[in-house]
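In: got a predicted model here, sequence first, then my questions.
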Number of protein chains: 2
Amino acid sequence: MGMALGKDYAGQQCALARALELVGERWTLLVVRDVFYGVRRFSDFQAHLDIPRAVLTSRLTALVEADVLERRRYQESPPRDEYVLTDTGRALWPAVFALAQWAIEFVPSAAGALREFVHIPCGVIVDRSGLCPGCRTVAPPDELEMRPGPGILTHTRTDPVSLALRSPHRLLEPLDLSGVAKPA
Amino acid sequence: MGMALGKDYAGQQCALARALELVGERWTLLVVRDVFYGVRRFSDFQAHLDIPRAVLTSRLTALVEADVLERRRYQESPPRDEYVLTDTGRALWPAVFALAQWAIEFVPSAAGALREFVHIPCGVIVDRSGLCPGCRTVAPPDELEMRPGPGILTHTRTDPVSLALRSPHRLLEPLDLSGVAKPA
DNA sequence: TTCGTCAGTTCATTCACTGAACCGACCGGC
DNA sequence: GCCGGTCGGTTCAGTGAATGAACTGACGAA
């Protein structure tokens, strides 16, 4: 996943093995999920995931290399880059969504949906397979709004990124951190 | 992926983190995929995946512990067990399928579908999101037949398990190894 | 008795993750 | 010009997981 000692699965001709070589290492899929949620900056990933900086650097570099993320300069002086999903990266949404839904339904410690996803054109919540009950299609991430679900826990994670993620917003749109206080 | 040094993602309240704690380690999802394909026995996993035995032992134990697999005695003397998916495990199919489809579409080295999945009641191939074009529902794994696809490579992997996986058969059904020669 | 299979365990080595410290470019205040 | 702070890293020592080879033990077959 996470994963260690040789990220490749030599000899496996299966497509799944190829996928896991790119996104199967530890932390990688959590970083990708965060980008879907609107996190774009190095320090925000770090604050939200508690991931060692060296590992975050390595994962971001690998994801850019794999054409899942694009690194984009959003200001000069000081030079600051943000990481956004490419088309390839956005295509990972069904896999990320499916894994999260599996945990919600079958992993006891993940009981209760922390978030709901509303298909904006139809205004209804997508079902566990990602289908919109309104239009009967699989909703793409850029048409989804994320909202806190019934299982949301407000007592944990008081970092600014987690706080910002508790208010509804459209997937892929940059996170608005202006409304939250800095941590002590 | 896999994954090393602490398989948990402490503090992450997200369901995805819970899922990755159970199936995010290196090799784990490939083992699960193999069970969907009909592999059930220790030595068959080992032959097909080239996974170190100690790691396989550890992964199978963890998957049983997580209620993804069930370990079942299928003969006494010598005692032999097989590993089969629980309901929880079978629910992982959409995630496994979604990841594999992503690689087929977007990872250059995985070009060409190695396998096709036919929704048996309808007799048609499911699309990239797992939907059956016939009945417009998401096909469950026990209603799918796996067949070699156009991208299949016949020159690699000559172990008996890989050979057996090249002939069509229904998912979750045990693999038939009787027709293939043993390796030299 | 000997050979082979199956399902492991043990062990030394290799290598990735971790956490803390360090670094350099820049900005704002004084 | 100096000081403190932020951002986005890199470096490094220590730890612990993965690897691959060797070993084990129960059994069946010849």
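Out: Sure, I can see it.
In: from now on I want contacts and neighbour counts done on CA atoms only, so please keep to that.
Out: Noted.
In: shouldn't residue A:117 be within a helix?
Out: No. Counting by DSSP: H, G, I helix; E, B strand; the rest coil, residue A:117 is not part of a helix but strand.
In: hang on, isn't residue A:56 packed against residue A:46?
Out: Yes. With contact defined as Cα atoms under 8 Å, residue A:56 reaches residue A:46; the gap is 7.4 Å.
In: neighbour-wise, which of those two wins?
Out: Ranked by neighbour count (other Cα atoms under 10 Å in any protein chain shown), residue A:56 and residue A:46 place residue A:56 first, with 20 against 17.
In: how far is the host helix or strand of that one from where the chain is centred?
Out: Here residue A:56, judged by DSSP states H and E, is contained in helix A:53-65. Chain-centre distance of helix A:53-65: 15 Å, with Cα atoms, centre = their mean, to the nearest Å.
In: buried residues in that helix, which are they?
Out: A:56, A:59-60, A:62-64 (16 or more other Cα atoms under 10 Å in any protein chain shown).
In: in its sheet, what does the next helix or strand after it sit against?
Out: Note on helix A:53-65: by DSSP H and E, the next helix or strand toward the C-terminus is strand A:69-75. Next to strand A:69-75 in the sheet, as set by DSSP bridges, lie strand A:80-85 (antiparallel).
In: CA-only coordinates of the strand it pairs with in CSV, if you can.
Out: C-alpha atoms of strand A:80-85 as CSV (Å, rounded to 0.1, in the frame of the first residue of the first chain):
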residue,chain,number,x,y,z
ARG,A,80,4.8,27.7,-5.0
ASP,A,81,3.3,24.7,-6.8
GLU,A,82,0.0,22.9,-6.4
TYR,A,83,-0.9,19.4,-7.3
VAL,A,84,-4.0,18.7,-9.3
LEU,A,85,-5.5,15.6,-10.9
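In: close to DNA strand D, is that strand?
Out: Yes. Residues of strand A:80-85 are located near DNA strand D by Cα under 7 Å from any atom of the strand, namely A:80-82.
In: and for stretch A:152-161?
Out: No. Taking Cα under 7 Å from any atom of the strand as the criterion, stretch A:152-161 and DNA strand D are apart, separated by no less than 10.6 Å.
In: so that stretch, near chain B or not?
Out: Yes. Interface with chain B: stretch A:152-161 contributes A:153, A:156-157 (Cα under 8 Å from any Cα of the partner chain).
In: in this structure residue A:138 contacts residue A:132, no?
Out: Yes. With contact defined as Cα under 8 Å, residue A:138 counts as touching residue A:132 (6.2 Å).
In: neighbour count: the two, which is higher?
Out: With neighbours defined as other Cα under 10 Å, residue A:138 and residue A:132 compare such that residue A:132 has more, 23 against 17.
In: now do stretch A:161-174: everything it contacts.
Out: A:35-40, A:44, A:47-48, A:141-148, A:157, A:175-177, A:179-180 (Cα atoms under 8 Å, 6 or more residues apart in numbering or on different chains).
In: now it: buried residues?
Out: A:161-166, A:169-174.
In: now stretch A:113-121
Out: A:113-120.
In: how about the helix or strand where residue A:96 lies, does it reach chain B?
Out: Using DSSP H and E, residue A:96 sits within helix A:93-106. Yes. Contact of helix A:93-106 with chain B (Cα under 8 Å from any Cα) involves A:94-96, A:98-104, A:106.
In: please name every helix or strand in contact with that helix.
Out: helix A:28-37, helix B:15-23, helix B:93-106 (3 or more Cα pairs under 8 Å, 6 or more residues apart in numbering or on different chains; DSSP states H and E).
In: nearest to residue A:126, of those helices?
Out: Set against residue A:126 and scored by Cα to Cα, those come closest in helix B:93-106, at 15.3 Å.
In: for the closest one, list the C-alpha coordinates in CSV.
Out: Output of helix B:93-106 as CSV, limited to C-alpha atoms (Å, rounded to 0.1, in the frame of the first residue of the first chain):
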residue,chain,number,x,y,z
TRP,B,93,-15.4,-6.9,-6.2
PRO,B,94,-16.4,-3.4,-7.4
ALA,B,95,-13.2,-1.9,-6.0
VAL,B,96,-11.0,-4.6,-7.5
PHE,B,97,-12.7,-4.3,-10.8
ALA,B,98,-12.5,-0.5,-10.8
LEU,B,99,-8.8,-0.5,-10.2
ALA,B,100,-8.1,-3.1,-12.9
GLN,B,101,-10.3,-1.2,-15.4
TRP,B,102,-8.4,2.0,-14.6
ALA,B,103,-5.1,0.4,-15.4
ILE,B,104,-6.5,-1.1,-18.7
GLU,B,105,-7.6,2.4,-19.8
PHE,B,106,-4.9,4.6,-18.5
